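# I would like the atomic coordinates for the input below:
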Amino acid sequence: MREYTLAIDVGNRNVKVVLCGVDQNQQFSIFAGTTMASSGFRKGDVTDVEKLADCICAAVNSIPYERYGIPNRIMLGIGGMGLTGQQCIGSIGIEADKVLSQDVSRAINSAVVASVNDRQTLIHAVPIRYWLDGKECDIPLNKSAMQLQVGVYIVTADKTVLDNLLSALSNRGVDVDTVVANIIVQGQILVPKKKDQDLLMIDIGAGTADLILYEEGTIRLAASLPLGGAYIVEDVAKGFRISNLHAEKIVRYYNELEAGLCGKNIILDCGLDDAEELLIPYDFLEKIIESRVEEISSLIFEYVKPYLSNKLPCNVIISGGCAAMPSFLEYFSQTLGNVQCIRNDIAEYAHPAYSACVAISKYGFINNNQSYDDDNRLCSFIKKVSRIFGKN
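The predicted structure is shown next:
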């Protein structure tokens, strides 16, 4: 029987849902997807959990399950919601004559217990380094030692916010099996990493800019900042006294225009089909948009700059809806280094706005039915995490 995973990307502007699984050729495939306007979620904060749950459920219920089947697993991808990341070390004594799978699990749990408080919910605990008796090693299983230390990158979310959302969804018949941080699974699934290379991924959506930084292939930083395209849309709406929906269409139109139009006294016809004519001077529109893009970009740069130390320029990959804006690419090229806009390998979902949803679905596909009951499986799991997260 074919198994399906339902992947949900909760964004500030839209909720995206895809149904994925294995096709007739035993290859990963997305069978159906939908996008619906979001409500109750603004700039990374849940402002109305009931409205947000309604939006998510409406998107979930619009998938044609009668054609494909009911999903075996529901995954929820989030940004904002108090997401934080930190590096921790768990340390334990080895009771047997060699390191067993439960020893690694105990060391990871030691790091989690010491770092996660009762106001946080654990989202990811990624093992990134290992030491046996103070000496760094690769995979520690079946090796002799008296002490094991595991470096763990821990990602948490606000417990109250997440619990309330999951409860509201459950009350509507949507029982989430797994919650993931969008930027973590994007970094894991979509970004090629090398052990000797630094890489920064920035997912700029409507309300948040999520970051993940790899230093020599290992996670150095993960964060979610309340910065995004909603600020640009709101500035345009205020500048021309129009609705946010109208302003969003104007911003999209602006992004499609060719460069070099400033200073040519160009007037843009930005009226809607069912509304009055709206003539906008290009120079004024450019000033509104570009000033806000520069502000958002500079705030992101100032946040990551201390972590990059003397490693500039570095490689940067941008995803999210705002990744399609040439201005962001230009700014980060000037300040950070080699910048690329991500393009997903599934044609219908190639736009960078779908990157998180594609990553969540692939993450669910890769990890479906994964078990870590014995040493061999845990060893395979650690190898997979090390390979995908870049610790080779």
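# Can you give me the neighbour number for L312?
13 (other C-beta atoms under 10 Å). Any C-beta I mention is one placed from the backbone N, CA and C, and that applies to glycine too.
# same question, D138
13.
# Make sure it is actually in contact with Y130.
Yes. Contact between D138 and Y130 holds when scored by C-beta atoms under 8 Å: they sit 6.9 Å apart.
# Backbone torsions only: list them for L83.
phi -60, psi 130 (degrees, to the nearest 10).
# Might one say that it is in contact with A157?
Yes. In this structure, L83 is within contact of A157 by C-beta under 8 Å, at 5.3 Å.
# Quickly list what's touching both of these two.
123, 181 (C-beta atoms under 8 Å, 6 or more residues apart in numbering).
# G263 belongs to a helix?
No. Counting by DSSP: H, G, I helix; E, B strand; the rest coil, G263 is not part of a helix but coil.
# for it, what are its contacts?
G263 neighbours (C-beta under 8 Å, 6+ apart): D283.
# Break this protein down into its structural domains.
As given by automatic domain parsing, the domain ranges for the chain are 4-81+161-183+346-367, 192-342.
# among those, which is the most enclosed?
Among the domains of the chain, ranked by average contacts under mean count of other C-beta atoms under 10 Å, first place goes to domain 4-81+161-183+346-367 (a mean of 19).
# sorry, back to before: and the domains of the chain, which one's lowest on average pLDDT?
Among the domains of the chain, domain 192-342 carries the lowest mean pLDDT, a mean of 89.
# Can you get me the start-to-end distance on it?
11 Å (C-alpha to C-alpha, to the nearest Å).
# contacting residues around the helix or strand containing A222?
Element membership of A222 [criterion: DSSP states H and E] is strand 218-225. Strand 218-225 is contacted by residues 44, 79-81, 83-85, 87, 126, 128-129, 153, 155, 181, 183-184, 187, 208-214, 299-300, 303-304, 307, 389-391 when judged by C-beta under 8 Å, 6+ apart.
# Which members of those residues occur in strands, if any?
Using DSSP state E, the members of these that fall within strands are 84-85, 87, 126, 128-129, 153, 155, 181, 209-214.
# and which of these is nearest to V233?
Nearest to V233 out of these is A209 (C-beta to C-beta; 15.0 Å).
# need the contact list for the closest one.
Counting by C-beta under 8 Å, 6+ apart, A209 has contacts 202-203, 224-225, 227-228, 296, 300, 320.
# If we use 7 Å, what do you get?
202-203, 225, 227-228, 300 (C-beta atoms under 7 Å, 6 or more residues apart in numbering).
# Which single one of the residues you listed is nearest to A53?
After measuring those against A53 - C-beta to C-beta - the closest member comes out as G228, at 21.7 Å.
# now the closest one: how far from I288?
To I288, G228 is 16 Å away according to C-beta to C-beta, to the nearest Å.
# quick one: furthest residue from the center of the chain?
Distance from the centre of the chain peaks at D97, with 40.8 Å (C-alpha atoms, centre = their mean).
# beta partners for the nearest residue to L329 once chain neighbours are set aside?
Nearest residue to L329 in three dimensions, chain neighbours excluded: V339, at 5.5 Å (C-beta to C-beta, 6 or more residues apart in numbering). Beta bridges link V339 to V316, judged by DSSP bridges.
# helix/strand/coil for A59?
Quick answer, by three-state DSSP: A59 is helix.
# can you give me the helices in the stretch 251-392 of the chain?
Using DSSP state H, counting those that start in this stretch, the helices of the stretch 251-392 of the chain run over 282-308, 326-335, 355-367, 375-389.
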